[in-house]
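Colleague: okay, here's the prediction I keep looking at, along with the sequence it came from:
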Amino acid sequence: MRKPMVAGNWKMHGTRAAAKSLLESISQGAAKLSDVDVVVLPSFVHLALAEELLSHTNVAWGAQNLYLGESGAFTGEVSGLMLKEYGCEYVLVGHSERRHVFHEGLALVADKLKAALAANLTPILCLGETLAQRENGETEAVVAEQLTTAMAAVGIKAFEKVVLAYEPVWAIGTGLTASPEQAQAVHAFIRQKIAQQDVALADTRRILYGGSVKADNASGLFSMSDIDGALVGGASLDPKSFLAICQAAS
Ligand code: PEP
């Protein structure tokens, strides 16, 4: 039985005051939820606040990105070791905005996955195709390449610690959502790809769906057998919506 997870990706949003209020509302609301893992992913500058307000609550926190190694001459970057110091448990790796806006290729994403695991963080590895790739019938090939590169880099055993997120790029921040059936088909494909290397492990891996998840479409997505929760962008900035999604998953 896989415990559902709902993670909120705040992206580059939130003043300090807004982040404080959001963290407080989410931790209060999540106190009533026991059978879902609730995670928030604020910007780096709000991680100290997350640690201060979320320690001893049932909400975990993490970062949206990391760089390689523990320290070094990498201006503007943050290491996994630094994230651990602020109590981070999770880190996003390979989010489509990192892949497409910041041009992170397969090799860098694989190295970041390694770096996250080396720092004892739980990576949330994001996979997904663009609209053009979907329309060309390339969804499975694209997702398979993203997944197999990552698996080859760290080895299948290390995937024991990896959470996956299927996020079709065309559905992120666009208001378009994959239908539950469209999402389920790709989730099942991802699980089957992992099963080709380790059947038992594939059954335990959580695969979140991301792409315009809202309170009113969450239940339909969560009713699918291979959808184990959500990675939520826009709706995670509104505590009511985010908590309603968490409630739907629990
Ligand atoms: C995301 O940023 O991972 C995401 C899924 O965003 P949104 O929910 O806004 O589409």
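Modeller: Now that the structure is in, tell me what you want to look at. Numbering: from 1, shown residues only.
Colleague: tell me the pLDDT at Ser55?
Modeller: Here the pLDDT value assigned to Ser55 is 97.
Colleague: wait, it touches Gly87, no?
Modeller: Yes. Ser55 lies in contact with Gly87 (Cβ atoms under 8 Å); the separation is 6.6 Å. Placement of C-beta: from N, CA and C, glycine included.
Colleague: and Ile26, what is it in contact with?
Modeller: Taking Cβ atoms under 8 Å, 6 or more residues apart in numbering, we find Ile26 in contact with Gly8, Val38, Val40, Val59, Pro239, Phe242, Leu243.
Colleague: how about the contacts made by Gly80?
Modeller: Leu66, Glu70, Val91, Ala115, Ala116, Ala118, Ala119, Asn120, Leu121.
Colleague: close to the ligand: what parts of this structure are there?
Modeller: 9, 167, 172-173, 210-213, 231-235 (Cβ under 6 Å from any ligand atom).
Colleague: all helices of the protein, in order?
Modeller: Using DSSP state H, the helices of the chain run over 16-30, 47-54, 80-85, 96-100, 106-118, 131-135, 139-154, 180-195, 199-204, 215-222, 239-249.
Colleague: using PDB, write out every CA atom in stretch 199-217.
Modeller: Taking C-alpha atoms only, stretch 199-217 is exported to PDB below (Å, rounded to 0.1, in the frame of the first residue of the first chain):
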ATOM      1  CA  VAL A 199       9.200  -5.700  -9.800                       C
ATOM      2  CA  ALA A 200       8.900  -5.400  -6.100                       C
ATOM      3  CA  LEU A 201      10.400  -1.900  -6.100                       C
ATOM      4  CA  ALA A 202       8.100  -0.700  -8.800                       C
ATOM      5  CA  ASP A 203       5.100  -1.600  -6.700                       C
ATOM      6  CA  THR A 204       6.400   0.600  -3.800                       C
ATOM      7  CA  ARG A 205       7.300   3.700  -5.700                       C
ATOM      8  CA  ARG A 206       5.000   6.700  -5.400                       C
ATOM      9  CA  ILE A 207       4.300   8.400  -8.600                       C
ATOM     10  CA  LEU A 208       2.700  11.900  -8.200                       C
ATOM     11  CA  TYR A 209       0.800  13.600 -11.000                       C
ATOM     12  CA  GLY A 210       1.500  17.300 -11.600                       C
ATOM     13  CA  GLY A 211      -0.200  19.800 -14.000                       C
ATOM     14  CA  SER A 212      -2.900  22.200 -13.000                       C
ATOM     15  CA  VAL A 213      -4.200  20.000 -10.100                       C
ATOM     16  CA  LYS A 214      -6.900  21.800  -8.300                       C
ATOM     17  CA  ALA A 215      -9.400  21.000  -5.600                       C
ATOM     18  CA  ASP A 216     -12.100  20.100  -8.200                       C
ATOM     19  CA  ASN A 217     -10.000  17.700 -10.300                       C
END
